Structure formats: C-alpha cells, structure tokens
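Asker: Here you go, sequence then predicted model.
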Amino acid sequence: MKIAIIGGGLVGCLVALELAERGQSVVLLEQEASLISRASANNEGKLHLGYVYGADPSFETAQRLILDALVFRLILERWITPETFERCLSAAFNYIVPLQSRLPLDAIQAHFARVDAFCHEQECRLNLRYLGQKAQFEPRAPEKCRETGATWLSTPERGIWAKGVARAVAACVTQHPKIEVRYGVSVHNATSSKGQWRIQCDRGQPGGDGPYDAVINAAWSGRRTIDRASGFASAEPWYARFKYGVLLRDARAVLGQAMPSNTTATSGAFGDSVYYPDVDVLYCSWYPVGMCFASRDESLNAADPTPKQARRMIHDTYAGYASIDPAYSALSQPHVCDKAELMGDYIVARGHSDIVDPHSILHERRGHGPKELAPGYFSVDTGKYTSAPRCAVETVDALLAKERACLVS
Ligand SMILES: Cc1cc2nc3c(=O)[nH]c(=O)nc-3n(C[C@H](O)[C@H](O)[C@H](O)COP(=O)(O)OP(=O)(O)OC[C@H]3O[C@@H](n4cnc5c(N)ncnc54)[C@H](O)[C@@H]3O)c2cc1C
C-alpha cells in the first residue's frame, strides 16, 4: 500500500516507522520545516500514571494512562537505543497537595492508593515494568511543608526529555528508505474516489497529491479542522489551550545546589517542575500564567499565542510556582529570568470548559486513539504524549488488520 500520514509529530513519525517496517510505502506530510517540532517537542514530558487525574471519579483515565505508560519504553526502544532513553529520563516526581487543593487530601491519597494497586496489578499481568525500572508502588508517608502547609507525597512517576526523544525518532524517520517526508506541506483536506485518496493543501499549494490507499490524520491541533474539511465533522465539544512553560538551560551553573526537586501540584490549576540532568534543563509551568489562550473554536482562527511580555511571563511563572514550592523563591531573581526562555504549544482535548470547572470533561483523558471515519481514512487523537507510542501501534494494527481481512476474503 501507499499511505499518506498528515502530521510529523511523535505519533505521525511512529506510525510512519511502524508501517514502513511492516513493508508499506509512506508519504509523511508536515507543515513545518522539521519533524517533531510542535507539541511533542514542547511539553514537559511527564509519563503519566494517572496520579494527577483524581478528579475523574470513574478512574478510567488513570487506567488508560497506566496501560499507555507501561508500553511507552517498549515501543520507543524499537527506534531509539536504551542508552538514549535512559539519558532522557528525569528522577521521580513528588506531588504537592496545597491547602487550596480542589480535592481533599484523603481523597487524593485514596486515589493514589488505587493508582498504585492498578499499576502493580498490570505490571504483573503484562510482565512489564514502568519505563523498564523497578518502581515502588506502595502507600507513601505524607510530609508537611512548614512554609506553605502543603502536603508532599512521593510517586514513582517520571518525565522524559521530549526534545531528546524527538531528535532520535526524527533521525530514524528521515533515514528510512520506505518513508518520504515532505516539509512545508499544510494539508487542507482529503477526498476519495473508487477507494483511492487524494490530498489537497491549503491555498491550493502542491505537495499532497496521491493517489493513496489510506490516509492517517495525525495533525493534533489541526486534526479536527482537516477531518471537518474532509467531510467528517464531529459534534463532540472540543477545547484547545495554548500553554507556555519556562525552560532554564545550563541550570546547574545558574542554581548550583539549589536545584528544586521534580514536583506536580494537585488538584487544581497549578503546575509542574522537572529537571532533566543529562541536558541540564529545568522546566517549570504555572497554569494561571502559562495558559495564555483557550478556545472552543477548533479552527483556532482567533488564536494568537505569541507571548506579549515574555520576560514578565517567566518571572510570574517562577513567582507563582514559589507559592507552592518555596525552592522556587530564588528563581524569580533577574539573573535567572534573563537566562530562561518560554516554550509551549496547543493542548487539545474533548471538553467545553477549563480545568477550574470541577465538572469539566478535561478531567477525563480517555477514549483517545485511532478512529476510522471512512474506509481508509483514520483520524488519530493522541490524547497525551504518554499515549503516543501505543496510539501509533493501534493505528497501524487497525489499518493492516483491515488489509489482511480484504486479502483473505
Ligand atoms: C505545554 C504542554 C505540556 C504537555 N505536557 C504533557 C505531559 O507532561 N505529558 C503528556 O503525556 N502529555 C503532555 N502534553 C500533551 C502532548 O504534548 C501531546 O499529547 C502530544 O505531543 C501530541 O502528539 P502528536 O504527535 O499528536 O502532536 P504534534 O507533536 O503536535 O504533531 C502534530 C504535527 O502535525 C502537524 N500539522 C498540524 N496541522 C497540519 C496540517 N494542516 N498539515 C500538515 N501538518 C500539520 C504539526 O506541525 C505537527 O508537527 C503537553 C502538551 C503541551 C502543549
């Protein structure tokens, strides 16, 4: 088969590699000038086990993310070496439960215990270890922070330096003889005739062409617009947010021994902080400052996420984070802010209101993966970075299972 993939993010690249390894010819269409340069390179890289999703009472978000996270390393290591993978990993995260948490501490502890039990059960059932490491899934003794009154809980959850993964995966894609990458191609829609697909680009530009036997839409923030223009509008409410975090490179030289530990605050609109030792980068996000644009208009027509006052956002992010982690107090000083930079992209998910709304369906991150919207047209909702490898394999399995069924009949 000849297959077009729209979007060269992590999911599009992993789908391309998977298909190519299974003998298919792939054309990868990417609007940017390089692969994996958008959301999959501009996120904090937490490999979620669902601890932060305590506001989903069904527990299905945690269940889904745990299964996604357990196969993350297994799938990625088909394309990147164990050494690269290890070098990109962070140490484990502590969770901070501030006094203003939307969920009370006992509810969070009960949720954590459920996550631990499910992780342990699934590790045994699948004979897999989270990130290939022996993690401690057991109740943790809470610690109280004297300055803030918040409670700290340790977890085995870790992050991965997404730009390191991006570089390694992109190199595999560009070197693969069965994958043709076309850069600077902004797809508008796909049309089919007699079982073959053609692709039209924005403003009638060349580059999409065809015919293709199948099309896989992995365009993340552009995905639903392309689906709609291809005749597959969906009534599902959809919420797009542009979130910035702050990146501090050469962090050891700037902070010395005062490096903060990896933390996530729950439950509410707080933030995360993670240090990647091998690249010496400290990442920090503070939701009230970094979440600079939100819209229910999936075309993102009104979007202008360019930071108006980057220096101010960096300062306010560090100052905000210091309200939950006192180790950050030192970071809002001018000599640190001057060296830091902003990094961000769109987060898109099923939803109609922001996470400050306790009834927001953004608290539920499940149901992602591929959907075949017409014979040979697959639209892939990645859900989370954590879920990208599993989504890619599920997409290829779905496409090639159909192909096999056709051959048999
Ligand atoms: C700030 C931030 C923090 C996050 N933190 C985490 C986290 O800690 N853990 C976690 O699990 N997830 C996190 N996420 C979510 C995660 O980044 C995404 O779920 C994941 O990266 C999506 O991967 P993707 O390949 O689908 O999208 P992308 O990496 O965005 O790839 C989509 C590609 O499609 C291309 N494209 C779009 N439209 C078109 C078009 N019309 N034509 C051609 N190409 C097109 C884009 O240029 C892009 O290269 C975060 C996201 C953000 C933005």
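Answerer: Sure, I can see it.

Asker: Which residue does the stretch 101-250 of the chain have closest to the ligand?
Answerer: Proximity of the stretch 101-250 of the chain to the ligand (Cβ to the nearest ligand atom) peaks at Gly222, 2.6 Å away. For glycine as for every other residue, the C-beta is placed from the backbone atoms N, C-alpha and C.

Asker: need the contact list for that residue.
Answerer: Ile6, Gly7, Gln31, Val187 (Cβ atoms under 8 Å, 6 or more residues apart in numbering).

Asker: farthest pair in those?
Answerer: Spanning the widest gap among the contacts of Gly222 are Ile6 and Gln31, at 9.0 Å by Cβ to Cβ.

Asker: ok, those two, which is more surrounded?
Answerer: Neighbour count, other Cβ atoms under 10 Å: between Ile6 and Gln31, Ile6 has more, with 28 against 20.

Asker: That one reaches Trp220, doesn't it?
Answerer: No - using Cβ atoms under 8 Å, Ile6 is not in contact with Trp220, being 10.0 Å away.

Asker: what sits against Ile179?
Answerer: Ala16, Leu17, Ala20, Val26, Leu28, Val173.

Asker: Tell me the confidence at it?
Answerer: Per-residue pLDDT puts Ile179 at 98.

Asker: Quick check on it: phi, psi?
Answerer: Backbone torsions for Ile179, taken as degrees, to the nearest 10, come to phi -120, psi 130.

Asker: Does it have any beta-bridge partners, and if so which?
Answerer: Beta-bridge partners recorded for Ile179 (DSSP bridges): Val26.

Asker: For it, give its distance to Asp68.
Answerer: 24 Å (Cβ to Cβ, to the nearest Å).

Asker: cool, and Ser285?
Answerer: To Asp68, Ser285 is 21 Å away according to Cβ to Cβ.

Asker: Please identify which helix or strand holds Arg390.
Answerer: Per DSSP states H and E: Arg390 is located in helix 388-408.

Asker: can you check Ser285 too?
Answerer: strand 281-286.

Asker: Closest one of the contacts of Gly222 to the ligand?
Answerer: Gly7 (2.7 Å).

Asker: so what's the closest one up against?
Answerer: Shown in contact with Gly7 (Cβ under 8 Å, 6+ apart): Leu29, Glu30, Asn217, Ala218, Ala219, Trp220, Gly222, Arg223.

Asker: circling back to that earlier point, given the strand holding Ser285, what are its sheet partners and their directions?
Answerer: strand 238-248 (antiparallel), strand 271-276 (antiparallel).

Asker: Following element in sequence after the longest one, please.
Answerer: Spelled out, it's strand 238-248. helix 251-255.

Asker: CA atoms of that next one as CSV?
Answerer: Extracted in CSV, the C-alpha atoms of helix 251-255 (Å, rounded to 0.1, in the frame of the first residue of the first chain):
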residue,chain,number,x,y,z
ALA,A,251,20.5,25.2,35.2
ARG,A,252,23.4,23.9,37.3
ALA,A,253,25.6,26.9,36.6
VAL,A,254,22.7,29.2,37.5
LEU,A,255,21.3,27.4,40.5
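
Asker: which residues are contacting the next helix or strand after it?
Answerer: For helix 251-255, the succeeding helix or strand toward the C-terminus, using DSSP H and E, is strand 263-265. Strand 263-265 has contacts (Cβ under 8 Å, 6+ apart) with 46, 51-52, 93-98, 101, 150, 152, 157, 270-273, 324-325.

Asker: Just the buried residues of strand 263-265, please?
Answerer: Thr263, Thr264, Ala265 (16 or more other Cβ atoms under 10 Å).

Asker: what does the average pLDDT come to for it?
Answerer: Averaged over strand 263-265, pLDDT sits at 96.

Asker: on that earlier part again, tell me which of the strands paired with strand 281-286 sits most buried.
Answerer: A comparison of the strands paired with strand 281-286 by mean neighbour count, using mean count of other Cβ atoms under 10 Å, puts strand 271-276 on top with a mean of 25.

Asker: Does the ligand have contacts with that strand?
Answerer: No - contact between strand 271-276 and the ligand is absent, the nearest approach being 6.9 Å (criterion: Cβ under 6 Å from any ligand atom).

Asker: Quick check: residues of the stretch 1-150 of the chain near the ligand?
Answerer: So the stretch 1-150 of the chain meets the ligand at 6-12, 29-32, 38-40, 42-46, 48 (Cβ under 6 Å from any ligand atom).
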